[in-house]
Structure formats: structure tokens, C-alpha cells
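Participant: Quick one, structure for this:
(2 chains)
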Amino acid sequence: MMGGEIVALMGLLGLSSAFALVGVVLAGWMAWRIVEKAGLPGWAGLGSILLTLTGVGTIVPLVLLWIFAFMRWPRDEPTGGASGFAAGATSGPTGPAAPRPTQALPPPAMKLADGRGWQLAGTVAGGAAVTLAVGGVSGSYSITGAPAAQPTDLCLPDPSVGTPHARLLTASGRLGLEDLGSPGGTFIDGARLLPEHGPRDISAARAIRIGTVELALSRT
Amino acid sequence: MAWLLGLGSFLLFGILLLHLLVALVLIIPTWRIFVRAGFSGALALFHLVPLIGSFIVMAVLAFSVWPNGEAAPGRRLT
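Facilitator: Got it, this is the predicted structure:
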């Protein structure tokens, strides 16, 4: 009788160990994928999970989790190649009223013979149709909910649009968009654009959302 | 008998409180990770699910496409 209980207990312990092993492997794999998505080496995530098996316990992985959450991710680092517009990006979120200097755009990797402009068309609160048009030449335009005070201001009269809300940048057939930290948010094809992302190339985007205003992007 | 039930309730309350505290320590950083990834931060509340909560949170982050973009393979540190 006693032997049976011992066997049963050992079986239970074995099952628990198997579950623990599967759990650690699964967690390590998922941690690898998560940190890679943020731009960090995958082994860092796996290592932090494996640390729980050592005498260090769970405190160090917990601290690493906090560091990972609040550190600057390589994903958000500005690039000079792929997007191009992010070359002048600054770090950290900015408030809606924080003035930011106009950033010079880097030269494109290949000169494009395209002088067409861009058009953002949509409907603001109240049902009024609005169209924002920018030329194909290099320039910087401010999207704001307030009446246009300068020639480079693009007025989007909607309560959800900040003053200013975002910045449009044009250079050599490319169009960039930078969020200025307005609470309404800026979205590129449904993906949230944050101030820390800096300017992003939206030349291939279809829909831009400024606050609650949906705008369709097209060439003129 | 009543004192035993009282002790059990007290222990249960203590375990629940400890679980909430541990979950909170996990929820705060995970909330920020979700927001930075482009998800709703409320998904971090899955940590409140006993035993498998952390696995659910990690699975969401690991196997879904991040709305705010992911690091391109060429930009990942090795």
C-alpha cells in the first residue's frame, strides 16, 4: 500500500517536472521572440527566463522585465536607410505644445523623377469634407486643428486634432509623417505612430488617421 | 471548528493579497510593453489569471504582429 502511494507521488512529481520543463522551454521561446521584436538579441530574453532556474531566483528576471519595459528599444532608434525620414528623429515623447525644430531630410538613396504632390482627403466632425494638399517639392507642413496661421499650416478643423498635431514632410517624391504627441493620436494604416518613432515614410500608406479624422492618401 | 474556518479564510485572503501584489509588479511593466507594441495596455491584466496568466501575456506579445511595428531583421542586434 505504502509502495503504491510512493509510486503515485513520484509519478506526480515527474509530471510536475515535465510541466515545469515544458513551461520553461515555452517561456524561453516566447521571450526570445518578444525581445527580438523590440530589436534586442533573442538570447537576452531566453537568458532572463533561464535565470529563474538558477539560484538567482525570480528577482533578477523581474528586474530585467522592468528594464525591458522602460528602456529605449533598438526598434525605435532612428534609421538613415529604410524609412529615410527617421534620420532626424529625436528621442522621447514630446508634449503637444512642445516646439520642435524643422528637421532636414536626408537625400534619397536614388533620385526619383516624380514632381507630383500628395493629397489627404477625408471628413471632419460635422460632416464637412476636407482636403490637405502638399506639393512634391521638399518642405515641412504642420497639421493643426487651429486656423492656419502660416502658409505651411494645414488646417484640420476637428476637436480631436491637436494644435499642432503632426508634421508632414516631403522630399523627392516621398512623404513623411511625424506625430507631435497630441492626445488624439496619429495612425498609419491603423498602426499607431508615436512621437518617439520620429518621422516615418508614408509614401506607400493608404489611410492616415489624425485624431478621429480618417484621411485617404493619394497622389495629385 | 469556527476558528479553523476563520484561519482558512484568513489564509485565503493572504494568498489572494499576495497574488494581487505579485501580479501588480508584473502588470505595470507589461502594461507599458503592450502600449509600446501598439496593443491595449489592459491586456497586461491577464497576469491576474492564476498559473497561466504570464504565459497568455507572453504568447500575445510573441505570436502577434505588433501594430506599432517590429524591429526589422536587419536592425536587430545580434
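
Participant: what's the next secondary structure element after the longest helix anywhere in chain B?
Facilitator: Under DSSP state H, the helix in chain B containing the largest number of residues is helix B:2-37. Following helix B:2-37 in sequence order, the next helix or strand is helix B:53-63 (DSSP states H and E).

Participant: does chain A sit close to the least confident helix or strand in chain B by mean pLDDT?
Facilitator: When each helix and strand of chain B is scored by mean pLDDT, DSSP states H and E, helix B:2-37 comes last, with a mean of 89. Yes: in this structure, helix B:2-37 sits against chain A according to CB under 8 Å from any CB of the partner chain; the contacting residues are B:Val25, B:Leu26, B:Ile28, B:Pro29, B:Thr30, B:Arg32, B:Ile33, B:Arg36, B:Ala37. From N, CA and C alone the C-beta is placed, and that goes for glycine too.

Participant: circling back to that earlier point, elements contacting the longest helix of chain B?
Facilitator: Contact partners of helix B:2-37 among helices and strands, from 3 or more CB pairs under 8 Å, 6 or more residues apart in numbering or on different chains; DSSP states H and E: helix A:59-70, helix B:53-63.

Participant: How about the secondary structure of A:Ile143?
Facilitator: Following DSSP: H, G, I helix; E, B strand; the rest coil, the label given to A:Ile143 is strand.

Participant: if we can go back for a sec, in TSV: the residues of helix B:2-37 next to chain A, plus distance to B:Asn68 and neighbour count.
Facilitator: Listed next are these as TSV, based on distance: CB to CB, whole Å; neighbours: other CB atoms under 10 Å in any protein chain shown:
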residue	distance to B:Asn68	neighbour count
B:Val25	24	14
B:Leu26	21	19
B:Ile28	19	16
B:Pro29	17	19
B:Thr30	15	27
B:Arg32	12	16
B:Ile33	11	22
B:Arg36	7	20
B:Ala37	6	24
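
Participant: what's the most distant pair in those residues?
Facilitator: Greatest spacing in those, by CB to CB: B:Val25 and B:Ala37 (19.7 Å).

Participant: So which residues on chain A come close to chain B?
Facilitator: When proximity is defined by CB under 8 Å from any CB, chain A lies next to chain B at A:23, A:26-27, A:29-31, A:33-34, A:36-41, A:62, A:65-66, A:68-70, A:73-75, A:77, A:79, A:82, A:190-194, A:197.

Participant: swap the cut-off to 6 Å and go again
Facilitator: For chain A, the residues in contact with chain B (CB under 6 Å from any CB of the partner chain) are A:30, A:33-34, A:36-37, A:39-41, A:65-66, A:69, A:74-75, A:191-192.

Participant: circling back to that earlier point, report the inter-axis angle for the least confident helix or strand of chain B versus helix B:53-63.
Facilitator: Between helix B:2-37 and helix B:53-63, the angle comes out at 10 degrees (axes from the mean of the first three to the mean of the last three CA atoms, to 10 degrees).
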